[in-house]
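Asker: only geometry, no sequence info:
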(Lines give C-alpha, C1' and ligand atoms only; values in the text may rest on other atoms or scores of the structure.)
Protein backbone atom coordinates (compact mmCIF):
# COMPACT_ATOMS: atom_id res chain seq x y z
CA UNK A 1 0.00 0.00 0.00
CA UNK A 2 1.33 3.45 -0.90
CA UNK A 3 -0.07 6.78 0.26
CA UNK A 4 -0.20 9.81 -2.01
CA UNK A 5 2.07 12.58 -0.75
CA UNK A 6 1.31 15.18 -3.40
CA UNK A 7 -0.28 18.36 -2.06
CA UNK A 8 -3.33 19.69 -3.87
CA UNK A 9 -4.17 23.41 -4.00
CA UNK A 10 -7.83 24.44 -4.32
CA UNK A 11 -9.20 28.01 -4.35
CA UNK A 12 -12.88 28.78 -3.81
CA UNK A 13 -14.66 32.11 -4.07
CA UNK A 14 -17.59 33.42 -2.11
CA UNK A 15 -20.16 35.59 -3.83
CA UNK A 16 -18.93 38.94 -2.47
CA UNK A 17 -16.02 39.70 -4.83
CA UNK A 18 -15.70 37.11 -7.65
CA UNK A 19 -13.55 39.36 -9.92
CA UNK A 20 -10.82 39.49 -7.27
CA UNK A 21 -10.92 35.71 -6.79
CA UNK A 22 -10.77 35.16 -10.55
CA UNK A 23 -7.76 37.48 -10.83
CA UNK A 24 -5.95 35.64 -8.03
CA UNK A 25 -6.73 32.29 -9.63
CA UNK A 26 -5.39 33.48 -13.00
CA UNK A 27 -2.15 34.66 -11.41
CA UNK A 28 -1.76 31.28 -9.67
CA UNK A 29 -2.59 29.36 -12.85
CA UNK A 30 -5.52 27.49 -11.29
CA UNK A 31 -9.26 27.28 -11.85
CA UNK A 32 -11.68 28.36 -9.15
CA UNK A 33 -13.28 25.38 -7.45
CA UNK A 34 -16.89 24.61 -8.24
CA UNK A 35 -19.51 25.79 -5.74
CA UNK A 36 -23.27 25.39 -5.89
CA UNK A 37 -25.20 28.05 -3.96
CA UNK A 38 -28.85 28.12 -3.12
CA UNK A 39 -30.93 30.44 -0.98
CA UNK A 40 -34.10 29.18 0.62
CA UNK A 41 -37.25 31.30 0.70
CA UNK A 42 -36.51 32.39 4.27
CA UNK A 43 -32.98 33.55 3.38
CA UNK A 44 -31.00 30.53 4.60
CA UNK A 45 -27.87 29.74 2.56
CA UNK A 46 -27.09 26.31 1.16
CA UNK A 47 -23.58 25.42 -0.12
CA UNK A 48 -22.33 22.33 -1.93
CA UNK A 49 -18.92 21.81 -3.54
CA UNK A 50 -19.11 20.10 -6.90
CA UNK A 51 -15.80 18.21 -6.68
CA UNK A 52 -13.86 16.21 -4.11
CA UNK A 53 -11.80 18.23 -1.62
CA UNK A 54 -10.55 15.28 0.43
CA UNK A 55 -6.94 15.83 1.47
CA UNK A 56 -6.70 19.17 -0.34
CA UNK A 57 -5.23 22.47 0.85
CA UNK A 58 -8.33 24.66 0.48
CA UNK A 59 -8.52 28.47 0.39
CA UNK A 60 -11.88 30.26 0.71
CA UNK A 61 -11.70 33.87 -0.49
CA UNK A 62 -14.50 36.14 0.65
CA UNK A 63 -14.57 39.89 1.21
CA UNK A 64 -17.01 41.00 3.89
CA UNK A 65 -18.82 43.54 1.76
CA UNK A 66 -22.42 44.71 1.80
CA UNK A 67 -24.61 42.84 2.73
CA UNK A 68 -21.89 42.03 5.21
CA UNK A 69 -23.72 39.57 7.46
CA UNK A 70 -24.79 37.44 4.51
CA UNK A 71 -21.24 37.24 3.16
CA UNK A 72 -19.78 36.36 6.55
CA UNK A 73 -22.31 33.58 7.02
CA UNK A 74 -21.71 32.28 3.50
CA UNK A 75 -17.97 32.00 4.15
CA UNK A 76 -18.52 30.22 7.46
CA UNK A 77 -20.85 27.72 5.81
CA UNK A 78 -18.31 27.10 3.02
CA UNK A 79 -15.59 26.42 5.61
CA UNK A 80 -17.87 24.07 7.54
CA UNK A 81 -18.69 22.17 4.34
CA UNK A 82 -14.99 21.78 3.51
CA UNK A 83 -14.20 20.50 7.01
CA UNK A 84 -16.98 17.91 6.80
CA UNK A 85 -15.71 16.88 3.34
CA UNK A 86 -12.26 16.04 4.82
CA UNK A 87 -10.18 18.92 3.44
CA UNK A 88 -6.66 18.64 4.83
CA UNK A 89 -6.21 22.34 5.63
CA UNK A 90 -8.64 25.24 5.29
CA UNK A 91 -7.53 28.87 5.02
CA UNK A 92 -10.06 31.68 5.33
CA UNK A 93 -8.89 34.48 3.03
CA UNK A 94 -10.65 37.65 4.18
CA UNK A 95 -9.30 40.69 2.31
CA UNK A 96 -11.62 42.90 4.39
CA UNK A 97 -12.29 41.55 7.89
CA UNK A 98 -15.82 42.39 8.99
CA UNK A 99 -16.48 43.99 12.39
CA UNK A 100 -12.78 44.86 12.77
CA UNK A 101 -13.65 48.27 14.22
CA UNK A 102 -15.30 46.57 17.19
CA UNK A 103 -11.98 45.35 18.57
CA UNK A 104 -12.38 46.71 22.12
CA UNK A 105 -14.96 48.05 24.51
CA UNK A 106 -15.43 51.80 24.22
CA UNK A 107 -18.45 52.00 26.51
CA UNK A 108 -20.01 49.73 29.15
CA UNK A 109 -22.02 46.70 27.99
CA UNK A 110 -20.53 46.68 24.47
CA UNK A 111 -19.39 43.52 22.65
CA UNK A 112 -15.94 42.85 21.20
CA UNK A 113 -17.29 41.59 17.90
CA UNK A 114 -13.91 41.27 16.17
CA UNK A 115 -13.09 38.56 18.74
CA UNK A 116 -16.45 36.88 18.10
CA UNK A 117 -15.57 36.79 14.39
CA UNK A 118 -12.31 34.99 15.12
CA UNK A 119 -14.15 32.47 17.30
CA UNK A 120 -16.66 31.82 14.52
CA UNK A 121 -13.93 31.07 11.99
CA UNK A 122 -12.26 28.65 14.39
CA UNK A 123 -15.54 26.91 15.20
CA UNK A 124 -16.43 26.59 11.51
CA UNK A 125 -13.14 24.78 10.88
CA UNK A 126 -10.63 27.32 9.56
CA UNK A 127 -7.02 26.31 10.24
CA UNK A 128 -5.57 29.68 9.21
CA UNK A 129 -6.75 33.23 8.51
CA UNK A 130 -5.43 35.74 5.99
CA UNK A 131 -6.49 39.39 5.90
CA UNK A 132 -5.25 42.72 4.54
CA UNK A 133 -4.61 45.86 6.61
CA UNK A 134 -6.61 45.02 9.72
CA UNK A 135 -8.16 47.95 11.53
CA UNK A 136 -5.93 47.04 14.47
CA UNK A 137 -3.17 44.45 14.61
CA UNK A 138 -4.37 43.15 18.00
CA UNK A 139 -7.07 41.21 16.13
CA UNK A 140 -4.40 38.65 15.25
CA UNK A 141 -4.32 37.76 18.94
CA UNK A 142 -8.05 36.99 19.07
CA UNK A 143 -7.45 33.46 17.78
CA UNK A 144 -5.00 30.66 18.47
CA UNK A 145 -4.94 29.86 14.74
CA UNK A 146 -2.13 31.21 12.52
CA UNK A 147 -3.16 34.64 11.22
CA UNK A 148 -1.34 36.26 8.29
CA UNK A 149 -1.96 40.01 8.44
CA UNK A 150 -0.98 41.41 5.03
CA UNK A 151 -0.55 45.01 3.93
CA UNK A 152 -1.18 46.92 0.71
CA UNK A 153 1.72 49.25 1.54
CA UNK A 154 3.99 47.98 -1.31
CA UNK A 155 1.27 48.70 -3.88
CA UNK A 156 0.67 52.20 -2.55
CA UNK A 157 4.39 53.00 -2.28
CA UNK A 158 4.91 52.06 -5.92
CA UNK A 159 1.97 54.26 -6.93
CA UNK A 160 3.12 57.26 -4.89
CA UNK A 161 6.50 57.13 -6.60
CA UNK A 162 4.81 59.15 -9.37
CA UNK A 163 4.18 62.16 -7.11
CA UNK A 164 6.69 64.94 -7.78
CA UNK A 165 7.56 67.60 -5.23
CA UNK A 166 7.73 67.80 -1.42
CA UNK A 167 5.51 65.15 0.18
CA UNK A 168 3.89 64.88 3.60
CA UNK A 169 2.12 61.70 4.72
CA UNK A 170 -0.81 62.60 6.95
CA UNK A 171 -2.52 60.44 9.54
CA UNK A 172 -6.24 61.29 9.81
CA UNK A 173 -5.96 60.93 13.60
CA UNK A 174 -3.33 60.34 16.26
CA UNK A 175 -3.97 56.59 16.21
CA UNK A 176 -2.68 56.21 12.64
CA UNK A 177 0.61 58.08 13.07
CA UNK A 178 2.57 54.81 13.13
CA UNK A 179 1.05 53.84 9.76
CA UNK A 180 1.88 57.27 8.31
CA UNK A 181 5.46 56.92 9.57
CA UNK A 182 5.81 53.57 7.78
CA UNK A 183 4.76 55.21 4.51
CA UNK A 184 7.02 58.20 5.09
CA UNK A 185 10.02 55.96 5.74
CA UNK A 186 9.72 54.42 2.29
CA UNK A 187 8.96 57.72 0.53
CA UNK A 188 11.48 59.98 2.30
CA UNK A 189 8.54 62.20 3.30
CA UNK A 190 7.45 64.24 6.30
CA UNK A 191 4.75 63.09 8.73
CA UNK A 192 1.77 65.04 10.05
CA UNK A 193 -1.53 64.18 11.69
CA UNK A 194 -4.97 65.69 12.14
CA UNK A 195 -6.10 66.12 15.71
CA UNK A 196 -9.80 65.32 15.84
CA UNK A 197 -12.59 64.56 18.26
CA UNK A 198 -14.90 61.60 17.55
CA UNK A 199 -18.28 61.32 19.27
CA UNK A 200 -18.49 58.06 21.22
CA UNK A 201 -22.30 58.21 21.40
CA UNK A 202 -22.88 58.39 17.64
CA UNK A 203 -21.20 56.35 14.90
CA UNK A 204 -19.46 58.04 11.94
CA UNK A 205 -19.55 61.49 13.55
CA UNK A 206 -16.23 63.35 13.60
CA UNK A 207 -14.93 66.90 13.46
CA UNK A 208 -11.38 67.80 12.43
CA UNK A 209 -9.75 70.34 14.69
CA UNK A 210 -6.15 71.13 13.73
CA UNK A 211 -3.13 69.88 11.78
CA UNK A 212 0.05 68.93 13.63
CA UNK A 213 3.07 68.90 11.30
CA UNK A 214 4.50 70.63 8.22
CA UNK A 215 1.99 70.71 5.34
CA UNK A 216 2.27 74.24 3.91
CA UNK A 217 3.55 74.23 0.33
CA UNK A 218 3.61 70.43 0.24
CA UNK A 219 1.65 67.64 -1.44
CA UNK A 220 -0.26 65.75 1.25
CA UNK A 221 -1.30 62.10 1.27
CA UNK A 222 -3.83 60.99 3.91
CA UNK A 223 -3.43 57.28 4.71
CA UNK A 224 -5.95 55.03 6.48
CA UNK A 225 -7.11 51.42 6.44
CA UNK A 226 -10.61 52.17 5.11
CA UNK A 227 -12.95 54.86 3.85
CA UNK A 228 -16.48 54.32 5.09
CA UNK A 229 -18.70 57.42 4.95
CA UNK A 230 -15.64 59.58 4.05
CA UNK A 231 -16.36 62.13 6.77
CA UNK A 232 -12.87 61.81 8.25
CA UNK A 233 -11.08 62.02 4.91
CA UNK A 234 -13.06 64.95 3.57
CA UNK A 235 -12.83 67.07 6.72
CA UNK A 236 -9.10 66.36 6.95
CA UNK A 237 -8.59 67.30 3.28
CA UNK A 238 -10.42 70.61 3.73
CA UNK A 239 -8.31 71.40 6.79
CA UNK A 240 -5.07 70.59 4.96
CA UNK A 241 -5.96 72.89 2.04
CA UNK A 242 -6.80 75.64 4.53
CA UNK A 243 -3.39 75.04 6.10
CA UNK A 244 -1.58 75.66 2.81
CA UNK A 245 -1.20 72.20 1.26
CA UNK A 246 -0.60 72.21 -2.52
CA UNK A 247 -2.77 69.13 -3.06
CA UNK A 248 -4.39 66.37 -1.04
CA UNK A 249 -4.75 62.69 -1.93
CA UNK A 250 -6.39 59.98 0.15
CA UNK A 251 -5.11 56.41 0.30
CA UNK A 252 -7.10 53.62 1.92
CA UNK A 253 -6.98 49.87 1.43
CA UNK A 254 -10.69 49.16 1.83
CA UNK A 255 -13.29 51.16 -0.18
CA UNK A 256 -16.33 50.60 2.04
CA UNK A 257 -17.79 53.88 0.71
CA UNK A 258 -21.13 53.79 2.50
CA UNK A 259 -23.56 56.62 1.63
CA UNK A 260 -23.02 59.55 1.59
CA UNK A 261 -19.32 58.87 0.85
CA UNK A 262 -19.59 59.37 -2.92
CA UNK A 263 -21.32 62.74 -2.56
CA UNK A 264 -18.82 63.91 0.02
CA UNK A 265 -15.82 62.91 -2.10
CA UNK A 266 -17.34 64.48 -5.21
CA UNK A 267 -17.60 67.87 -3.49
CA UNK A 268 -14.34 67.68 -1.53
CA UNK A 269 -10.85 69.12 -1.85
CA UNK A 270 -9.42 65.66 -2.59
CA UNK A 271 -7.63 65.57 -5.94
CA UNK A 272 -7.49 61.78 -5.90
CA UNK A 273 -8.79 58.88 -3.82
CA UNK A 274 -6.70 55.70 -4.18
CA UNK A 275 -8.05 52.37 -2.91
CA UNK A 276 -7.61 48.65 -3.63
CA UNK A 277 -10.06 46.00 -4.77
CA UNK A 278 -10.30 44.20 -1.43
CA UNK A 279 -13.95 45.25 -1.69
CA UNK A 280 -16.04 45.89 -4.80
CA UNK A 281 -16.66 49.59 -5.28
CA UNK A 282 -20.37 50.35 -4.62
CA UNK A 283 -22.34 51.40 -7.72
CA UNK A 284 -22.98 54.90 -6.38
CA UNK A 285 -19.22 55.50 -6.08
CA UNK A 286 -18.12 53.80 -9.30
CA UNK A 287 -18.63 56.99 -11.31
CA UNK A 288 -16.23 59.11 -9.25
CA UNK A 289 -13.69 60.59 -11.66
CA UNK A 290 -11.01 60.97 -9.00
CA UNK A 291 -11.28 57.37 -7.72
CA UNK A 292 -8.35 55.08 -8.56
CA UNK A 293 -8.57 51.35 -7.79
CA UNK A 294 -5.34 49.32 -7.50
CA UNK A 295 -5.35 45.52 -7.51
CA UNK A 296 -4.39 43.57 -4.41
CA UNK A 297 -4.50 40.30 -6.38
CA UNK A 298 -0.71 39.95 -6.96
CA UNK A 299 -0.01 40.20 -3.22
CA UNK A 300 -2.77 37.72 -2.39
CA UNK A 301 -1.57 35.30 -5.05
CA UNK A 302 2.02 35.42 -3.77
CA UNK A 303 0.80 34.95 -0.19
CA UNK A 304 -1.43 31.97 -0.94
CA UNK A 305 1.36 30.36 -2.95
CA UNK A 306 3.79 30.84 -0.03
CA UNK A 307 1.29 29.36 2.45
CA UNK A 308 0.72 26.35 0.20
CA UNK A 309 4.49 25.76 -0.15
CA UNK A 310 5.11 26.50 3.55
CA UNK A 311 7.41 29.39 2.60
CA UNK A 312 7.85 32.71 4.38
CA UNK A 313 5.09 35.29 3.91
CA UNK A 314 7.06 38.09 5.57
CA UNK A 315 9.66 38.07 2.79
CA UNK A 316 6.96 39.13 0.32
CA UNK A 317 6.31 42.29 2.35
CA UNK A 318 9.86 43.01 3.52
CA UNK A 319 8.75 42.47 7.12
CA UNK A 320 6.01 45.15 6.92
CA UNK A 321 3.13 42.65 7.35
CA UNK A 322 2.69 43.17 11.10
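Answerer: That came through, no problem. Computed from a prediction, not measured in an experiment: that's the story for all the values here.
Asker: Okay, strands next: where are they in the stretch 151-300 of the chain?
Answerer: Remark: strands assigned in the stretch 151-300 of the chain by DSSP state E, counting those that start in this stretch are 167-171, 190-198, 206-212, 219-227, 247-255, 272-276, 291-294.
Asker: a markdown table for those strands, including distance to residue 235?
Answerer: Using the backbone N, CA and C atoms, a C-beta is placed for each residue, glycine as well. Output for the strands of the stretch 151-300 of the chain, formatted as a markdown table (distance: least, CB to CB, whole Å):
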| stretch | distance to residue 235 |
| --- | --- |
| strand 167-171 | 12 |
| strand 190-198 | 8 |
| strand 206-212 | 4 |
| strand 219-227 | 10 |
| strand 247-255 | 11 |
| strand 272-276 | 14 |
| strand 291-294 | 19 |
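Asker: Neighbours of the closest residue to residue 284 other than its chain neighbours, how many?
Answerer: In this structure, residue 284 finds its nearest non-sequential neighbour in residue 262, 4.8 Å apart by CB to CB, 6 or more residues apart in numbering. Per other CB atoms under 10 Å, the neighbour tally for residue 262 reads 20.
Asker: swap in residue 292?
Answerer: Counted with other CB under 10 Å, residue 292 comes out at 13.
Asker: so for the longest helix anywhere in the chain, what's the average pLDDT?
Answerer: Secondary structure of the chain per DSSP state H: the longest helix is helix 68-84. Average pLDDT, helix 68-84: 98.
Asker: So which of the strands of the stretch 151-300 of the chain is nearest residue 43?
Answerer: Nearest to residue 43 among the strands of the stretch 151-300 of the chain is strand 247-255 (25.9 Å), distances taken as CB to CB.
Asker: Now do the closest one: everything it contacts.
Answerer: Residues outside strand 247-255 that contact it (CB atoms under 8 Å, 6 or more residues apart in numbering) are 95-96, 132-133, 151-152, 156, 160, 163, 219-227, 233, 236-237, 240-241, 269-276, 278-279, 281-282, 285, 291, 293, 296.
Asker: hang on, the earlier thing: list the neighbouring strands of the following helix or strand past the longest helix of the chain plus their orientation.
Answerer: Where DSSP states H and E defines the elements, the next helix or strand beyond helix 68-84 is strand 89-94. Sheet pairing of strand 89-94 (DSSP bridges) gives strand 57-61 (parallel), strand 128-132 (parallel).
Asker: Give me the angle between the helix or strand where residue 46 lies and strand 57-61.
Answerer: Assigned by DSSP H and E, residue 46 belongs to strand 45-49. Angle, strand 45-49 to strand 57-61, by axes from the mean of the first three to the mean of the last three CA atoms, to 10 degrees: 150 degrees.
Asker: switch to numbering from 463
Answerer: OK, 463 is where the count begins now, so the last one is strand 507-511.
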